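Structure for the following, please:
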Amino acid sequence: MLEINLVNNTHSEEIINLVLNIQQKEFNVPITIEDQPDLMQIEDFYFANGGSFWGAFINGELVGTIALVKFDEKAAAVRKMFVKKEFRGKEHSIAQKLLEILLAYCQKNEIDKVYLGTVSILQAALRFYERNHFKIIEKELLPEKFPLMSADNVFCFLDLKS
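Numbers count the residues shown, from 1 in each chain. So this is what the prediction gives:
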């Protein structure tokens, strides 16, 4: 049975294993744990500024993650949206459920501009975001305070007010 819960530093190791496996082994994205120090300081990086971090668990196993970095009073970035390969797709709808929890959190906390960066190789992820009303935008249109990740080369925006 699927459970989605808040996760914190006590889950860092599981989260790092999940994320790095997908980034490096599955998609060959040239990124290391050193490029993502946020994963070792979840509470300081995500929660301290009004963001959040959720994990999807099936029978106690972490199978998906999503995080929100609040970088402005009404703006935030989606980060660390990953679902283990064997749990992707409509059958489980884990990515959809994770995104819905994040967007509900945004609405409850008066965050109405949601941005994200991703990698062009992740075509299924891009289609998923587009199905959820995110629009692809040019990097130049990102807010100044947007927390850029070096590997990202495609950027999306969702206006929750419209």
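
alpha carbons only for contacts and neighbour counts from here, please
OK.

What residues sit buried inside the host helix or strand of residue 102?
Following DSSP states H and E, one finds residue 102 within helix 94-108. Judged by neighbour count using 16 or more other Cα atoms under 10 Å, the buried positions of helix 94-108 are 94-96, 98-99, 102-103, 106.

mind putting these in JSON lines, pLDDT included?
Converted to JSON lines, the buried residues of helix 94-108 look like this (pLDDT from 0 to 100):
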{"residue": "94", "pLDDT": "98"}
{"residue": "95", "pLDDT": "97"}
{"residue": "96", "pLDDT": "98"}
{"residue": "98", "pLDDT": "98"}
{"residue": "99", "pLDDT": "98"}
{"residue": "102", "pLDDT": "98"}
{"residue": "103", "pLDDT": "98"}
{"residue": "106", "pLDDT": "98"}
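
Only the C-alpha atoms, please, for whichever helix or strand comes after the helix holding residue 102, written as PDB.
Next helix or strand after helix 94-108 toward the C-terminus (DSSP H and E): strand 113-118. C-alpha atoms of strand 113-118 as PDB (Å, rounded to 0.1, in the frame of the first residue of the first chain):
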ATOM      1  CA  LYS A 113       4.300  30.500  -8.700                       C
ATOM      2  CA  VAL A 114       5.900  27.100  -9.100                       C
ATOM      3  CA  TYR A 115       9.000  26.600 -11.200                       C
ATOM      4  CA  LEU A 116      11.200  23.600 -11.900                       C
ATOM      5  CA  GLY A 117      14.300  22.700 -13.800                       C
ATOM      6  CA  THR A 118      14.900  19.300 -15.400                       C
END
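
Give the other helices and strands that strand 113-118 contacts.
strand 75-83, strand 154-159 (3 or more Cα pairs under 8 Å, 6 or more residues apart in numbering; DSSP states H and E).

Burial-wise, tell me which of those comes out on top.
strand 75-83 (a mean of 22; mean count of other Cα atoms under 10 Å).

lowest confidence element among the helices and strands of this protein?
Lowest by mean pLDDT, DSSP states H and E among the helices and strands of the chain is helix 123-131, with a mean of 95.

Now do the buried residues in the helix or strand that that one is followed by.
Once the chain leaves helix 123-131, the next helix or strand it forms, by DSSP H and E, is strand 135-137. Neighbour-count burial for strand 135-137 flags 135-136 (criterion: 16+ other Cα under 10 Å).
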